[in-house]
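[1] what's the 3D shape of this:
(one chain, ligands or ions: 1)
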Amino acid sequence: MSKKKATILATAGVAQDKAFGAVAPPIHLATTFAWADHTEKPAFDYARRLNPNRDQLISALSELEGAAGGTVTASGMASIDLCLNFVGPSDLVLAPHDCYGGTHRLLTAKSRRGLFEVEFVDFTDEAARAAAFARGPKLVFLETPSNPLMRITDLEACAALGREVGAMTVADNTFLSPILQNPLALGCDVVMHSTTKFISGHSDVIGGAILAKDPSLAEDLAWWANCTGNAGPAFDSWLTMRGLRTLELRVRQQQETAMRLADVLYADDRVSKVYYPGLPSHPGHSLAMQQQAGAGSMLSAELAEGCDVRAFLGALEVMTLAESLGGFETLICVPDSMTHAGMEENARREAGITPGLLRFSIGLEDGADLQSDLLRGLDAAARS
Ligand code: PLP
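    Below you'll find the model as predicted:
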């Protein structure tokens, strides 16, 4: 039976416990599993390769993303690093010039050690995109909406270009979750998530997932995860499954509030720029509405000249100044000195990340309370 996403979320792994009939999936902490016969490898043999909790999470996420399978890793970065096992010293890797700072740092550091060549590209610029693909990359890393400027990349066009040149396309779908975007359906080979964010949703577990449409690529990903030992622990998979149950409800509610706050920021002349794909003024708005099932709940903004960022942050009573995103709580961060500090300064400026840029991850608080918090911050920023 083909299930809707809400049904997948509510039924994954439920009432499958053969030992006791437990309805909620139990945690299996065993590191090793008994063999019935020494020549027949059981489905679970050693937990570095697979354990029942990780298996359940991989299946649920694969169903949500339309993947054949893949693996669950110890963090989002571990999933990104896993892809790098598919390239060698003579290979070219393309990545967005404004990708997550940790991704930028990893690709820069490994390319400097001669493990591959990397080129950071503005995929929203068609000429730059065509020129980069013409160089014959082996791996193309995509992130849309991008972090932190919410630039929208055409996944279908990039996947088609990738197929033409024989590149593997990997989409980081962390910002939207499988509820709002499915890159494999748009032609990408691989989709990855920092499950630390929306998928687990409660800011209490670090994890990643990487999934492929093609069964043999999915197997390769799982093989590399076992080989390099970067798979996620059983408890983390169990906790992530627990958060996953409410993914759709959280994502929809958070998106509704984000739209409201984006409108408030856009209408306020103490704010000079708002980056939110749900606003018709956003340059990627129509593409976002085409390839996404909603605008999501991440947005960025810049205060107008003369408004003080420190005063704005100091006046907030509901939002928390912290890195990360996608949890139940609203977080605000200054990417230049926080999430993207791992990028070199010139790379940050080139990507459009300024010291005054604020990034918001909208949570589940009451929308009116969040709106008052924003206005309190803006009053303080303009006064100082
Ligand atoms: N991808 C994106 C878009 C992110 O925002 C992050 C972390 O913030 C990562 C990947 C890395 O994930 P993790 O922190 O789980 O390693």
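[2] So for the longest helix along the chain, what gets flagged as buried?
    Scanning the chain for the longest helix, with DSSP state H as the assignment, gives helix 247-267. Neighbour-count burial for helix 247-267 flags 247-248, 250-251, 253-255, 257-259, 261-262, 264-266 (criterion: 16 or more other CB atoms under 10 Å). C-betas here are computed from N, CA, C, even on glycine.
[3] what about the closest residue to the ligand within the stretch 51-200 of the chain, how many neighbours?
    Residue nearest to the ligand within the stretch 51-200 of the chain (CB to the nearest ligand atom): residue 76, separated by 2.3 Å. The number of residues packed near residue 76 is 25, by other CB atoms under 10 Å.
[4] Am I right that it is in contact with residue 174?
    Yes. With contact defined as CB atoms under 8 Å, residue 76 counts as touching residue 174 (6.5 Å).
[5] what is in contact with these two at once?
    Common contact partners of residue 76 and residue 174 (CB atoms under 8 Å, 6 or more residues apart in numbering): 192-194, 197.
[6] Residue 178 is in what secondary structure piece?
    If you go by DSSP states H and E, residue 178 is part of helix 177-180.
[7] next one: residue 375
    Per DSSP H and E: residue 375 is located in helix 367-383.
[8] Okay, residue 358 and residue 382: tell me how far apart.
    Separation of residue 358 from residue 382 (CB to CB, to the nearest Å) stands at 14 Å.
[9] more neighbours, the two?
    A direct count of neighbours by other CB under 10 Å for residue 358 and residue 382 places residue 358 higher, at 23 against 17.
[10] ok, the spatially closest residue to residue 293 that is not a sequence neighbour - how many residues close by?
    In space, and not counting its chain neighbours, residue 293 is closest to residue 180: 4.8 Å by CB to CB, 6 or more residues apart in numbering. Residues lying near residue 180 (other CB under 10 Å) number 22.
[11] just residue 163 next, same as before
    Residues near residue 163, counting by other CB under 10 Å, number 13.
[12] Can you give me the pLDDT of it?
    pLDDT recorded at residue 163 is 98.
[13] give the contact list for the residue nearest to residue 293.
    Counting by CB under 8 Å, 6+ apart, residue 180 has contacts 251, 255, 292-294, 296.
[14] residues touching the residue nearest the centre of the chain, list them.
    Taking CA atoms, centre = their mean as the criterion, residue 174 is the residue nearest the geometric centre of the chain, at 1.4 Å. The neighbours of residue 174, taking CB under 8 Å, 6+ apart as the test, are 76, 100, 143, 147, 192-194, 197-198, 326.
[15] One more: residue 150?
    Taking CB under 8 Å, 6+ apart, we find residue 150 in contact with 275-277, 282, 284, 298-300.
[16] could these be laid out in CSV, adding neighbour count and pLDDT?
    Shown next, in CSV, are the contacts of residue 150 (neighbours: other CB atoms under 10 Å; pLDDT from 0 to 100):
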residue, neighbour count, pLDDT
275, 25, 97
276, 27, 98
277, 26, 98
282, 22, 97
284, 22, 97
298, 26, 98
299, 27, 98
300, 23, 97
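[17] Return the subset of the residues you listed lying in strands.
    When DSSP state E is applied, the contacts of residue 150 are split such that 275, 298-300 fall in strands.
[18] just curious, which of these is nearest to the ligand?
    Among the ones in strands among the contacts of residue 150, and counting by CB to the nearest ligand atom, the member closest to the ligand is residue 298, at 9.1 Å.
[19] what pairs with the closest one across the strands?
    Taking DSSP bridges as the rule, residue 298 bridges to residue 361.
[20] That one: what's it in contact with?
    By CB under 8 Å, 6+ apart, the neighbours of residue 298 are 145, 147, 150, 175, 258, 325, 359-362.
[21] any idea how far residue 67 is from it?
    Counting by CB to CB - residue 298 and residue 67 are separated by 23 Å.
[22] Where do the strands of the stretch 151-300 of the chain begin and end?
    Secondary structure of the stretch 151-300 of the chain (DSSP state E, counting those that start in this stretch): strands located at 168-172, 190-194, 208-212, 271-275, 298-303.
[23] actually the stretch 1-150 of the chain, not the one I typed
    Counting by DSSP E, counting those that start in this stretch, the stretch 1-150 of the chain has strands at residues 69-73, 92-96, 117-121, 139-143.
[24] chain center to the first one, what's the gap?
    Pointing back at strand 69-73 there. How far strand 69-73 lies from its chain's middle: 14 Å, per CA atoms, centre = their mean, to the nearest Å.
[25] what's the average pLDDT for it?
    The pLDDT scores in strand 69-73 average 98.
[26] The third one too?
    The average pLDDT for strand 117-121 rounds to 97.
[27] who's in contact with it?
    Residues outside strand 117-121 that contact it (CB under 8 Å, 6+ apart) are 91-97, 99, 104, 107-108, 110-111, 128-129, 132, 135, 137, 347.
[28] Can you flag the buried ones in the residues you listed?
    Buried by 16+ other CB under 10 Å: 91-97, 99, 104, 107-108, 110-111, 129, 132, 137, 347, out of those.
[29] Just the residues you listed: which are in helices?
    The helices, defined by DSSP H, take in 104, 107-108, 110-111, 129, 132, 347 from the buried ones among the contacts of strand 117-121.
[30] Can you pull the residues of the stretch 51-200 of the chain lying near the ligand?
    Residues of the stretch 51-200 of the chain lying close to the ligand (CB under 6 Å from any ligand atom) are 75-77, 100, 102, 143, 147, 172, 174-175, 194, 196.
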